[in-house]
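J.: I would like to see how this sequence folds:
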Amino acid sequence: MRRTLGVNTWVWTSPLTDSTLETLAAKAAALGFGAIELPVETPGDWSPERARDVLAEHRLLPIVVGAMGPGRNLVAAPASEIVATQNYLGHCIDVAERIGSRIVAGPFYAATGRTWRMSDADRAAHHEELRAALAPVVNRAERSGIRLAVEPLNRYETSLINTVEQALSALGPLLGRGLGLALDSYHLNIEEKSIGDAIRRAGRHLAYVQVCGNDRGAVGDDHIDWAAFLDALDDVDYRGPLGLESFTGDNATIAVAASVWRPLAESQDALAADSFAYLTALQNEREHR
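T.: Take a look at the predicted model:
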């Protein structure tokens, strides 16, 4: 199965703006990508209407991704913070409607980097709290024909949902047309016993897939078995895009948030181009086998 390849603007910059989007959309299209991930870090950073026109010009499929910065929490937080986070997610859904994205993906439960110890009882209580806080957002997404895709993160970025099994347990009753899972090869490589088995466990709930090398560098320049990765996606009939998510170390805030302490490739352009070339060649090979 041939899947559209996408790239996140975080590969090159943060935060996204109208002017940088014009440049990066043209770059992504020139590299061959058919989709682009647009982070909503702070509402108002970029215009959805302008983005819609720019992406249409370059024939790029839009994917909206959220950023759970400090203070964005749906669990173990003051009621005012939970409401503000629900409003932020509602804004992301509104942006997706305006630009034509069918997916809003991200770790929509707690601020990235927030960790704390939990007993089994604590975790179960937080999962219940999460479902209660997410339910109106999921309903809003479903009414708009948009699917939220909640992403498990590695243990250093969250202590709430690290694995597919935990995500299914936390979100179970809400999973459906308005809510699925976003799986990222980087986190899968750290947390899962078997990447392929984790993808298969997600099954029909898999809504979006992000990829990068195991070190956040280029796909293919790493130790992940990418053929087996695609086999697992075939097994669950995932037909959506593969979005390359990596980060530039040039921006201090994002470098610290993503722990980018050294260059991940010869250049950010090379990271994107090499990933595209590898995945394109692998998909071509699979089509002709």
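J.: CA only for contacts and neighbour counts going forward, please
T.: Will do.
J.: Least confident secondary structure element in the protein?
T.: helix 252-257 (a mean of 83; mean pLDDT, DSSP states H and E).
J.: What lies in contact with the helix or strand that that one is followed by?
T.: Where DSSP states H and E defines the elements, the next helix or strand beyond helix 252-257 is helix 268-287. With Cα atoms under 8 Å, 6 or more residues apart in numbering as the test, helix 268-287 has contacts from 1-2, 5, 7, 11-12, 31-33, 212, 217-220, 227, 244, 248, 264-265.
J.: quick one: which of those sit in helices?
T.: Counting by DSSP state H, the contacts of helix 268-287 place 31, 227 in helices.
J.: Can you flag the buried ones in the contacts of helix 268-287?
T.: 2, 5, 7, 11-12, 31-33, 212, 217-220, 244, 248, 264 (16 or more other Cα atoms under 10 Å).
J.: Run through the residues that contact the residue nearest to A67 when sequence neighbours are not counted.
T.: The shortest distance from A67 to any non-neighbouring residue, by Cα to Cα, 6 or more residues apart in numbering, is to E41 (5.3 Å). Contact partners of E41, counting by Cα under 8 Å, 6+ apart, are 15-16, 66-69.
J.: Could I get the residues you listed in a markdown table, plus columns for neighbour count?
T.: Below are the contacts of E41 laid out as a markdown table (neighbours: other Cα atoms under 10 Å):
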| residue | neighbour count |
| --- | --- |
| P15 | 18 |
| L16 | 19 |
| G66 | 23 |
| A67 | 19 |
| M68 | 21 |
| G69 | 15 |
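J.: Flag the shaky bits of the chain, pLDDT-wise.
T.: Counting by pLDDT under 70, the chain has no low-confidence residues at all.
J.: switch the cut-off to 80
T.: 289 (pLDDT under 80).
J.: which residue ranges form the helices in it?
T.: Along the chain, counting by DSSP H, helices occupy 18-31, 48-57, 79-99, 120-143, 164-171, 185-191, 195-202, 226-235, 252-257, 268-287.
J.: burial of D269, as a residue count?
T.: Neighbour count for D269, taken as other Cα atoms under 10 Å: 15.
J.: Okay, it and D94: tell me how far apart.
T.: The spacing between D269 and D94, counted by Cα to Cα, to the nearest Å, is 31 Å.
J.: Kindly report the same for E81.
T.: Taken as Cα to Cα, the span from E81 to D94 is 20 Å.
J.: cool, S185 as well?
T.: 28 Å.
J.: So which of the two has more stuff around it?
T.: Taking neighbours as other Cα under 10 Å, S185 and D94 compare with S185 leading, 23 against 18.
J.: excluding its backbone neighbours, what's nearest the more buried one?
T.: Setting aside the residues directly before and after it, S185 is nearest to V211 in space (Cα to Cα, 6+ apart), at 5.0 Å.
J.: count of residues packed around that neighbour?
T.: Counted with other Cα under 10 Å, V211 comes out at 25.
J.: ok, it touching F229?
T.: No: at 10.0 Å, V211 and F229 do not qualify as touching, with contact defined as Cα atoms under 8 Å.
J.: Quick one: residues in contact with the least confident helix or strand of the chain.
T.: The contact list for helix 252-257, computed with Cα under 8 Å, 6+ apart, reads 14, 113, 247-249, 261.
J.: what do you get if the cut-off is 6 Å, keeping everything else the same?
T.: Helix 252-257 is contacted by residues G249 when judged by Cα atoms under 6 Å, 6 or more residues apart in numbering.
J.: same deal with stretch 181-194?
T.: Residues outside stretch 181-194 that contact it (Cα under 6 Å, 6+ apart): 149-151, 153-154, 195, 205-211, 214.
J.: again with stretch 11-27
T.: With Cα under 6 Å, 6+ apart, stretch 11-27 has contacts from 45-46, 246-248.
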